[in-house]
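>>> Using only what follows, build the 3D model:
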Amino acid sequence: MNGGSQEKPVRRGPAGERIADWASGRLGTRSRWRDGARRAFPDHWSFLLGEICLYSLVVIVVTGVYLTLFFHPSMKEVTYQGSYAPLRGQRVSEAFDSTLHISFEVRGGLLIRQVHHWAALVFVAAMLVHMMRVFFTGAFRKPRELNWVCGFLLLVLGMFAGLTGYDLPDDLLSGTGLAVVNGTLLSLPIVGTYVSMFLFGGEFPGDDLVARFNTLHVLVIPALMVGLVVAHVVLALRHRHTQYPGPGRDNRNVVGLPAKVRAVKSAGLFLLVAGGLLVVAAVAQINPVWQYGPHRADQVSAGSQPDWYMGVADGLLRVMPGWEPHFLGHTLALDNLIPLLVGAGLFLAMGVYPFIEAWVTGDDRDQHVLDRPRNRPVRTGLGAAWIAFYLVALVGAANDIIAVRLHVGVESVTWAVRVALFVVPPAVHSVARRWALGLQRADRDEVLHGRETGTIRRLPGGEFVEVHEPLSRERLYVLTQHEQYRPIGPGGSDGTGGPGGPADGGDPGAAPRPVRRLRARLSRRFYGEGAQITKPTAREYRALTGDHRD
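You can find the predicted model right below:
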């Protein structure tokens, strides 16, 4: 008989607890959940923009799966025998036929179609506004450059997802858009014809377009977008959340709501987004393909307009002069190629801007506190100019509708847009930059002279003055916490960059002289004389106010 100690019986709890213990022992989920539960999430309305993007994408995926069950991505011609009488008996593609079947015969099909389309529009709009919020507040700075790249790629993929999506029904409106896409592809030197033949499966419109676009729309692009969303969320959790400047907030902490409270608010926002999309889809018609009819290669819809996010490309195409010069026996379709390059350059400038600013600034420190847009006048001006260019091009996409509604010549509208593309963005940049400088100057005066109380006092000499009240320490912190960079000298990394000096890790003489000069010139443009108002120093504040508090 063995006299050793007997093993203690294993305590077995409820099934759910045993499953949680099993998962925690192998995946570490419990410790990760505890770490996540201790996180603080800043509570500001602008952070909801990213969540609207995410929840719109969820609605897109769910409704897209439902539509896929009934859609037939084929360009094979059939005779329409559905319930929509005006088109009955006409030859249409299977894609168009199944789209009408979804719209009129599948229970809830039209509602789901419209929710899907509206969710796509909201997704791209929320993405663009979210990117602009990140841009103007400097949330793209180290260590979040990759977050910015993920968001930028999501925006571009969202636009292409919309492009491939509204071409699937094979109606006359989408066919008109495809003719524009084909013309743009053919304008590419050397490879244009091959790219067009590959995409359309032969001469436009080909026989495989819907099937290929369907693969891109339901498989390739969504997979890439989900991967980018996961990467974006992981990076956001890894680097903590940014926060707006305020008392007790710095680069070492996060002030906000507990994770449980934030999760409840986030769930409520998801229900609001989904419910709002359902309401809009129920009351506002969008993309009524039965009114456009099936696609015919020899027909074009009058007054056709793409979805708003592709309007910038269409607008640039419409206002571009018909330049088709001949070179070495070949015709260069510059009337399509130049708008393509300008549109691509517009978005590429957005994508690479964080790296340009980091190079110009020379600041290699982690930044977790957001900028007030007024404290970065040049960046604010550039962002405003980018938006202005986008909006002017969007107006150009509606030149025919504007001409009809306002009873003016379409040529007049076209020329107005052409001039505005060169005049409006620089003017908006100047106005936004000067506006930011004016707000900086107002902040400086408020710090040094206090807040206006509206109380008028008469001095012994008969002069009337307004009584100013000293600012609270919280308000003083918000107005003076930002750092102001100094321009980098022509030597490059000479210690005159940011407050801590540039930290690009390179030898000042390693870069070619033209590169160092360009960097110095851009640095002066961003942070030199006339680019920012010097904030009050502690000595100036004490000398004028007599306040010697730390």
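>>> When you work out contacts or count neighbours from here on, use the C-alpha atoms and nothing else.
Noted.
>>> show me where pLDDT drops low in the stretch 51-200 of the chain?
For the stretch 51-200 of the chain, no stretch is flagged by pLDDT under 70.
>>> Could you pull out the helices in it for me?
With DSSP state H, counting those that start in this stretch as the criterion, the stretch 51-200 of the chain has helices at 94-104, 109-137, 145-166, 172-186, 192-200.
>>> Can you check which of the ones you listed gets nearest to Tyr527?
Between Tyr527 and the helices of the stretch 51-200 of the chain, the shortest gap by C-alpha to C-alpha is with helix 109-137, which sits at 16.0 Å.
>>> show me where this structure has strands.
Assigned strands in the chain, in chain order: 40-41, 77-79, 91-93, 257-258, 326-327, 330-331, 451-458, 464-469 (criterion: DSSP state E).
>>> and those as TSV, adding mean neighbour count and distance to Thr215?
Compiled in TSV, these are given as follows (neighbours: other C-alpha atoms under 10 Å; distance: least, C-alpha to C-alpha, whole Å):
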stretch	mean neighbour count	distance to Thr215
strand 40-41	20	38
strand 77-79	14	20
strand 91-93	21	17
strand 257-258	15	42
strand 326-327	9	38
strand 330-331	12	34
strand 451-458	12	61
strand 464-469	13	65
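>>> give me the number of residues near Met310?
Met310 has 16 neighbours, counted by other C-alpha atoms under 10 Å.
>>> sorry, back to before: let me have the helices of the stretch 51-200 of the chain in TSV, extended by distance to Arg376.
Compiled in TSV, these are given as follows (distance: least, C-alpha to C-alpha, whole Å):
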stretch	distance to Arg376
helix 94-104	50
helix 109-137	8
helix 145-166	18
helix 172-186	38
helix 192-200	42
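>>> Tell me which of the ones you listed lies nearest to Ile338.
For Ile338, the closest of the helices of the stretch 51-200 of the chain is helix 172-186, at 9.6 Å, according to C-alpha to C-alpha.
>>> Packing partners of the closest one?
Contact here means 3 or more C-alpha pairs under 8 Å, 6 or more residues apart in numbering; DSSP states H and E; on that basis helix 172-186 packs against helix 192-200, helix 289-292, helix 334-361.
>>> Show me which residues of it are buried.
Across helix 172-186, burial judged by 16 or more other C-alpha atoms under 10 Å covers 172-178, 182-186.
>>> which residues make contact with that helix from outside it?
Helix 172-186 is contacted by residues 166-168, 192-193, 195-196, 204, 289, 292-297, 299-301, 304, 306, 336-337, 340 when judged by C-alpha atoms under 8 Å, 6 or more residues apart in numbering.
>>> related to what we said a few turns ago, the strands of the chain: which one's closest to Gly64?
Judged by C-alpha to C-alpha, the one of these that comes nearest to Gly64 is strand 91-93, at 20.4 Å.
>>> The helices of the stretch 51-200 of the chain: which one's closest to Tyr541?
Closest of the helices of the stretch 51-200 of the chain to Tyr541 is helix 109-137, at 26.6 Å (criterion: C-alpha to C-alpha).
>>> Next, the angle from that closest one to helix 94-104.
Computed by axes from the mean of the first three to the mean of the last three C-alpha atoms, to 10 degrees, the angle separating helix 109-137 from helix 94-104 equals 100 degrees.
>>> and helix 109-137, how far out from the chain's middle?
Computed by C-alpha atoms, centre = their mean, to the nearest Å, the chain-centroid distance of helix 109-137 equals 10 Å.
>>> Packing partners of that helix?
Right, helix 109-137 is packed against helix 48-68, helix 94-104, helix 145-166, helix 259-283, helix 377-396 by 3+ C-alpha pairs under 8 Å, 6+ apart.
>>> For Ile533, find the nearest of those helices.
Nearest to Ile533, of all the helices and strands packed on helix 109-137, is helix 377-396, at 9.6 Å by C-alpha to C-alpha.
>>> Helix 334-361 and the closest one, what's the angle between them?
Using the same axes, to 10 degrees: helix 377-396 against helix 334-361 is 160 degrees.
>>> if we can go back for a sec, could I get the helices and strands packed on helix 172-186 in TSV, plus columns for distance to Thr534?
As requested, the helices and strands packed on helix 172-186 are exported to TSV (distance: least, C-alpha to C-alpha, whole Å):
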stretch	distance to Thr534
helix 192-200	53
helix 289-292	58
helix 334-361	17
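>>> Among those helices, which comes closest to Phe41?
helix 334-361 (24.1 Å).
>>> got a pLDDT number for Val210?
On the pLDDT scale, Val210 is placed at 89.
>>> Run through the residues that contact it.
73-75, 95, 167-168, 170.
>>> among the residues you listed, who's most crowded?
The contacts of Val210, ranked by neighbours (other C-alpha under 10 Å): first place Asp170, 28 neighbours.
>>> wait, isn't it in contact with Ser98?
No - using C-alpha atoms under 8 Å, Asp170 is not in contact with Ser98; the gap is 10.3 Å.
>>> of all the helices and strands packed on helix 172-186, which lies closest to Arg252?
helix 334-361 (20.7 Å).
>>> Tell me how far Leu199 lies from Leu448.
Noted for Leu199: a distance of 64 Å to Leu448, by C-alpha to C-alpha, to the nearest Å.
>>> Could you do Phe204 as well?
In terms of C-alpha to C-alpha, Phe204 sits 69 Å off from Leu448.
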